[in-house]
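Asker: Starting from these lines, generate the structure:
(chains A and B)
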Amino acid sequence: AQSVSQHNHHVILSEAASLELGCNYSYGGTVNLFWYVQYPGQHLQLLLKYFSGDPLVKGIKGFEAEFIKSKFSFNLRKPSVQWSDTAEYFCAVNNNFNKFYFGSGTKLNVKP
Amino acid sequence: KAGVTQTPRYLIKTRGQQVTLSCSPISGHRSVSWYQQTPGQGLQFLFEYFSETQRNKGNFPGRFSGRQFSNSRSEMNVSTLELGDSALYLCASSLDETQYFGPGTRLLVL
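Answerer: Residues are numbered from 1 along each chain as shown, chains lettered A, B, ... in the order given. Modelled structure (predicted):
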(Lines give C-alpha, C1' and ligand atoms only; values in the text may rest on other atoms or scores of the structure.)
Protein backbone atom coordinates (compact mmCIF):
# COMPACT_ATOMS: atom_id res chain seq x y z
CA ALA A 1 0.00 0.00 0.00
CA GLN A 2 1.11 3.49 -0.71
CA SER A 3 1.98 5.74 2.17
CA VAL A 4 3.27 9.19 2.98
CA SER A 5 5.52 9.72 5.98
CA GLN A 6 6.11 12.95 7.79
CA HIS A 7 8.69 12.19 10.41
CA ASN A 8 8.46 15.44 12.35
CA HIS A 9 5.17 15.51 14.20
CA HIS A 10 5.80 18.69 16.15
CA VAL A 11 8.41 21.34 15.43
CA ILE A 12 9.11 24.40 17.56
CA LEU A 13 11.19 27.24 16.12
CA SER A 14 11.97 30.82 16.94
CA GLU A 15 11.20 33.56 14.46
CA ALA A 16 13.83 33.94 11.73
CA ALA A 17 14.96 30.32 12.09
CA SER A 18 15.14 28.17 8.98
CA LEU A 19 12.58 25.43 8.44
CA GLU A 20 12.76 22.06 6.78
CA LEU A 21 9.93 19.55 7.07
CA GLY A 22 10.50 16.07 5.79
CA CYS A 23 8.16 14.10 3.57
CA ASN A 24 8.77 10.66 2.10
CA TYR A 25 6.39 8.59 0.04
CA SER A 26 6.27 5.01 -1.10
CA TYR A 27 5.13 4.67 -4.70
CA GLY A 28 7.32 3.68 -7.60
CA GLY A 29 5.30 5.20 -10.40
CA THR A 30 4.62 8.74 -11.53
CA VAL A 31 3.29 10.94 -8.76
CA ASN A 32 2.15 14.47 -8.20
CA LEU A 33 3.29 16.01 -4.91
CA PHE A 34 1.68 18.65 -2.73
CA TRP A 35 2.10 20.53 0.49
CA TYR A 36 -0.98 21.87 2.22
CA VAL A 37 -1.17 24.16 5.25
CA GLN A 38 -3.88 24.44 7.87
CA TYR A 39 -3.71 27.63 9.94
CA PRO A 40 -5.49 27.56 13.33
CA GLY A 41 -9.23 27.65 12.77
CA GLN A 42 -8.91 27.70 8.99
CA HIS A 43 -9.31 25.13 6.28
CA LEU A 44 -6.58 23.36 4.36
CA GLN A 45 -4.92 25.54 1.75
CA LEU A 46 -2.59 24.59 -1.06
CA LEU A 47 0.94 25.78 -0.37
CA LEU A 48 2.68 24.41 -3.44
CA LYS A 49 2.64 21.49 -5.85
CA TYR A 50 4.97 19.56 -8.14
CA PHE A 51 3.85 17.77 -11.26
CA SER A 52 6.95 17.74 -13.45
CA GLY A 53 9.90 19.85 -14.58
CA ASP A 54 12.18 21.75 -12.21
CA PRO A 55 12.33 19.69 -9.02
CA LEU A 56 12.61 22.85 -6.93
CA VAL A 57 9.17 24.42 -6.70
CA LYS A 58 8.23 27.69 -5.11
CA GLY A 59 4.96 28.28 -3.37
CA ILE A 60 3.18 31.01 -1.53
CA LYS A 61 4.54 32.93 1.46
CA GLY A 62 8.18 32.16 0.70
CA PHE A 63 7.90 28.37 0.94
CA GLU A 64 9.67 26.04 -1.44
CA ALA A 65 10.02 22.29 -1.78
CA GLU A 66 12.48 20.02 -3.51
CA PHE A 67 11.53 16.76 -5.18
CA ILE A 68 14.30 14.17 -4.99
CA LYS A 69 13.11 11.19 -6.97
CA SER A 70 15.91 8.85 -5.88
CA LYS A 71 15.01 9.43 -2.25
CA PHE A 72 11.22 9.47 -2.74
CA SER A 73 11.24 12.75 -0.87
CA PHE A 74 9.54 16.12 -1.15
CA ASN A 75 10.83 18.25 1.71
CA LEU A 76 9.37 21.65 2.50
CA ARG A 77 11.68 24.57 3.29
CA LYS A 78 11.56 28.19 4.29
CA PRO A 79 14.72 30.22 5.00
CA SER A 80 13.21 32.40 7.74
CA VAL A 81 9.95 31.57 9.50
CA GLN A 82 7.54 34.06 10.98
CA TRP A 83 5.12 33.75 13.87
CA SER A 84 2.30 33.73 11.29
CA ASP A 85 3.66 30.44 9.90
CA THR A 86 2.38 28.64 12.98
CA ALA A 87 0.13 25.98 11.49
CA GLU A 88 -0.11 22.32 10.63
CA TYR A 89 1.54 21.21 7.40
CA PHE A 90 0.49 18.20 5.36
CA CYS A 91 2.37 16.50 2.59
CA ALA A 92 0.25 14.70 -0.02
CA VAL A 93 0.83 12.49 -3.02
CA ASN A 94 -1.50 11.47 -5.80
CA ASN A 95 -0.95 8.83 -8.40
CA ASN A 96 -2.27 8.27 -11.91
CA PHE A 97 -5.63 7.21 -10.53
CA ASN A 98 -6.32 10.52 -8.80
CA LYS A 99 -6.15 8.89 -5.39
CA PHE A 100 -4.61 11.13 -2.77
CA TYR A 101 -2.52 10.01 0.18
CA PHE A 102 -1.79 12.41 3.01
CA GLY A 103 0.87 12.35 5.66
CA SER A 104 -0.12 12.59 9.30
CA GLY A 105 0.87 16.24 9.45
CA THR A 106 3.53 18.33 11.18
CA LYS A 107 2.53 20.96 13.69
CA LEU A 108 4.80 23.97 13.50
CA ASN A 109 4.90 26.36 16.42
CA VAL A 110 6.89 29.55 15.81
CA LYS A 111 7.75 31.48 18.94
CA PRO A 112 7.87 35.28 18.58
CA LYS B 1 -15.01 31.75 -7.98
CA ALA B 2 -16.59 30.68 -4.73
CA GLY B 3 -14.70 28.02 -2.83
CA VAL B 4 -15.85 24.63 -1.66
CA THR B 5 -18.75 24.92 0.75
CA GLN B 6 -19.86 22.39 3.32
CA THR B 7 -23.01 22.23 5.39
CA PRO B 8 -23.62 22.06 8.21
CA ARG B 9 -20.44 23.34 9.82
CA TYR B 10 -21.13 21.75 13.19
CA LEU B 11 -23.26 18.82 14.19
CA ILE B 12 -23.98 16.96 17.40
CA LYS B 13 -25.52 13.49 17.23
CA THR B 14 -25.94 10.55 19.56
CA ARG B 15 -24.76 7.00 19.08
CA GLY B 16 -26.90 4.96 16.71
CA GLN B 17 -28.21 7.93 14.78
CA GLN B 18 -27.35 8.65 11.19
CA VAL B 19 -26.06 11.84 9.62
CA THR B 20 -25.86 13.38 6.16
CA LEU B 21 -23.23 15.94 5.24
CA SER B 22 -23.30 18.08 2.13
CA CYS B 23 -20.59 19.49 -0.09
CA SER B 24 -20.79 21.93 -2.99
CA PRO B 25 -17.63 21.92 -5.11
CA ILE B 26 -16.03 24.81 -6.89
CA SER B 27 -17.90 25.58 -10.08
CA GLY B 28 -16.58 23.45 -12.93
CA HIS B 29 -14.97 20.84 -10.68
CA ARG B 30 -16.39 17.39 -11.33
CA SER B 31 -14.40 15.40 -8.78
CA VAL B 32 -15.32 15.46 -5.10
CA SER B 33 -13.43 13.62 -2.39
CA TRP B 34 -14.23 13.12 1.27
CA TYR B 35 -11.82 12.78 4.17
CA GLN B 36 -12.06 12.17 7.89
CA GLN B 37 -9.62 14.22 9.96
CA THR B 38 -8.87 13.33 13.57
CA PRO B 39 -5.99 14.34 15.86
CA GLY B 40 -3.18 11.85 15.49
CA GLN B 41 -4.70 10.10 12.47
CA GLY B 42 -4.39 12.95 10.04
CA LEU B 43 -6.54 12.83 6.93
CA GLN B 44 -8.09 9.48 6.14
CA PHE B 45 -9.51 9.12 2.64
CA LEU B 46 -13.14 8.03 2.51
CA PHE B 47 -14.13 8.10 -1.16
CA GLU B 48 -14.01 10.09 -4.37
CA TYR B 49 -16.79 10.75 -6.83
CA PHE B 50 -16.48 11.82 -10.43
CA SER B 51 -19.45 12.43 -12.71
CA GLU B 52 -21.84 10.78 -10.24
CA THR B 53 -19.73 7.61 -9.99
CA GLN B 54 -17.60 6.47 -7.10
CA ARG B 55 -14.12 6.30 -8.59
CA ASN B 56 -12.00 5.60 -5.51
CA LYS B 57 -12.73 4.23 -2.06
CA GLY B 58 -10.81 4.17 1.19
CA ASN B 59 -10.84 1.59 3.95
CA PHE B 60 -13.91 2.59 5.89
CA PRO B 61 -16.82 0.35 6.87
CA GLY B 62 -20.01 0.24 4.86
CA ARG B 63 -21.68 2.59 7.36
CA PHE B 64 -19.96 5.36 5.43
CA SER B 65 -21.49 6.03 2.05
CA GLY B 66 -21.75 8.85 -0.41
CA ARG B 67 -23.22 10.01 -3.63
CA GLN B 68 -22.83 12.73 -6.19
CA PHE B 69 -25.52 14.55 -8.07
CA SER B 70 -25.58 15.72 -11.67
CA ASN B 71 -24.58 19.24 -10.59
CA SER B 72 -21.46 17.73 -8.89
CA ARG B 73 -22.76 18.42 -5.39
CA SER B 74 -22.03 15.53 -3.10
CA GLU B 75 -23.37 14.09 0.11
CA MET B 76 -21.92 11.61 2.52
CA ASN B 77 -23.93 9.59 4.96
CA VAL B 78 -22.87 7.83 8.11
CA SER B 79 -25.34 5.37 9.58
CA THR B 80 -25.39 3.88 13.08
CA LEU B 81 -23.01 6.48 14.45
CA GLU B 82 -20.30 5.42 16.89
CA LEU B 83 -18.36 7.56 19.34
CA GLY B 84 -15.25 7.07 17.20
CA ASP B 85 -16.92 8.79 14.27
CA SER B 86 -16.42 12.13 16.01
CA ALA B 87 -14.14 14.02 13.63
CA LEU B 88 -13.80 16.83 11.14
CA TYR B 89 -15.15 15.69 7.78
CA LEU B 90 -13.52 17.44 4.87
CA CYS B 91 -14.68 17.69 1.33
CA ALA B 92 -12.32 18.55 -1.51
CA SER B 93 -13.09 19.27 -5.12
CA SER B 94 -10.46 18.89 -7.76
CA LEU B 95 -9.51 20.01 -11.19
CA ASP B 96 -6.27 19.24 -12.98
CA GLU B 97 -5.07 16.84 -10.27
CA THR B 98 -5.15 19.48 -7.52
CA GLN B 99 -7.57 19.32 -4.59
CA TYR B 100 -9.17 22.35 -2.98
CA PHE B 101 -10.67 21.89 0.44
CA GLY B 102 -13.78 23.17 2.15
CA PRO B 103 -13.94 24.28 5.79
CA GLY B 104 -15.24 20.93 6.97
CA THR B 105 -18.12 19.71 9.08
CA ARG B 106 -17.24 19.03 12.69
CA LEU B 107 -19.25 16.06 13.93
CA LEU B 108 -19.50 15.23 17.60
CA VAL B 109 -21.09 11.92 18.56
CA LEU B 110 -22.26 11.63 22.16
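Asker: who touches the spatially most central residue of chain B in this structure?
Answerer: Within chain B, one residue has its C-alpha closest to the average C-alpha position: by CA atoms, centre = their mean, that is residue B:34, at 3.6 Å. Contact criterion CB atoms under 8 Å, 6 or more residues apart in numbering or on different chains gives B:23, B:45-48, B:66, B:74, B:76, B:89-92 as the residues in contact with residue B:34. Any C-beta I mention is one placed from the backbone N, CA and C, and that applies to glycine too.
Asker: From residue B:107, how far out is it?
Answerer: For residue B:34, the distance to residue B:107 (CB to CB, to the nearest Å) stands at 12 Å.
Asker: Could you do residue B:35 as well?
Answerer: The spacing between residue B:35 and residue B:107, counted by CB to CB, is 13 Å.
Asker: Tell me the residues that contact both of the two, please.
Answerer: Once CB under 8 Å, 6+ apart is applied, the residues that residue B:35 and residue B:107 both contact turn out to be residue B:89.
Asker: Compare those two (neighbour count), which wins?
Answerer: Set side by side, residue B:35 and residue B:107 show unequal neighbour counts under other CB atoms under 10 Å in any protein chain shown, the larger going to residue B:35 at 24 against 20.
Asker: tell me which element that one falls in.
Answerer: Under the criterion of DSSP states H and E, residue B:35 resides in strand B:31-38.
Asker: residue ranges of the strands in chain A, please?
Answerer: Listed in chain order, the strands of chain A (DSSP state E) span residues A:3-5, A:10-14, A:19-21, A:24-26, A:32-38, A:45-50, A:56-58, A:64-68, A:73-78, A:87-94, A:100-102, A:106-111.
Asker: wait, which of the ones you listed is closest to residue B:56?
Answerer: When those are compared for distance to residue B:56 using CB to CB, the nearest one is strand A:100-102, at 8.7 Å.
Asker: what about the nearest residue to residue B:110 once chain neighbours are set aside, how many neighbours?
Answerer: The spatial neighbour of residue B:110 that comes closest, neighbours along the chain excluded (CB to CB, 6 or more residues apart in numbering or on different chains), is residue B:14 at 5.2 Å. A count of nearby residues for residue B:14, using other CB under 10 Å, gives 10.
Asker: roughly how far apart are residue B:14 and chain A?
Answerer: With distances defined as CB to the nearest CB, to the nearest Å, the gap from residue B:14 to chain A amounts to 26 Å.
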